[in-house]
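Enquirer: Sharing a sequence plus its predicted fold:
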Amino acid sequence: MALHRRTSELFARWCELAAFTPVYRSHEGVQPSVNVQFDTDTNSMAAFRKFAVVHAALATYRSRLLEEAYATGAPVMRHMLMHYPHDAMASVVTSQFMFGPELLVAPVVSAPPPLHPLPSPCVGWWGSLPCSSPP
């Protein structure tokens, strides 16, 4: 079995990704003594705290998604095609997902981060311009 080491950078990326999932947890791993933990140092604590705040801020939205999942079977984390079936890019993109119908999540899972543009059906950018509604 190959052993993987969780670095500070990888830990921060996992915290960032976990903020946009139903459950926010750190996954101590099989060898906590050699892998970065949430309390390893001030940087790991800051990363964990930062994205715990994001996860907490999404509580109402996440509750709605979980109620929808219970009622309809729709997944909380979704392929883009569920909301953008006529978007050609949505059918080929495998590096991002929708967190419900409103949030597009594109986690960085490799080092160094890719320098390609984020395929998006939206015209604006989260936080500055509104995204147009799906057709």
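Expert: Perfect, I can see it now.

Enquirer: switch to C-alpha atoms for all contacts and neighbour counts from now on
Expert: Noted.

Enquirer: quick one: what helix or strand has Val53 in it?
Expert: helix 42-57 (DSSP states H and E).

Enquirer: Could you report the distance from Val53 to Thr72?
Expert: Distance of Val53 to Thr72, given as C-alpha to C-alpha, to the nearest Å: 29 Å.

Enquirer: what's the answer for Glu102, then?
Expert: Distance from Glu102 to Thr72, by C-alpha to C-alpha: 17 Å.

Enquirer: between the two, which one's more packed in?
Expert: Glu102 (12 against 9; other C-alpha atoms under 10 Å).

Enquirer: if I pick the more buried one, what's in contact with it?
Expert: Contacts for Glu102 (C-alpha atoms under 8 Å, 6 or more residues apart in numbering) come out as none.

Enquirer: burial count for Met89?
Expert: 15.

Enquirer: With Phe99 instead?
Expert: Residues near Phe99, counting by other C-alpha under 10 Å: 21.

Enquirer: In contact with the closest residue to it other than its chain neighbours, which residues are there?
Expert: Among residues not flanking Phe99 along the chain, Met77 sits closest, at 4.7 Å (C-alpha to C-alpha, 6 or more residues apart in numbering). Residues near Met77 by C-alpha under 8 Å, 6+ apart: 21, 97-100.

Enquirer: now, which of those lie within strands?
Expert: Applying DSSP state E to these, the entries found in strands are 97-99.

Enquirer: Return the member of these nearest to Ala47.
Expert: Looking at these and their distance to Ala47, the nearest is Phe99, at 20.6 Å (C-alpha to C-alpha).
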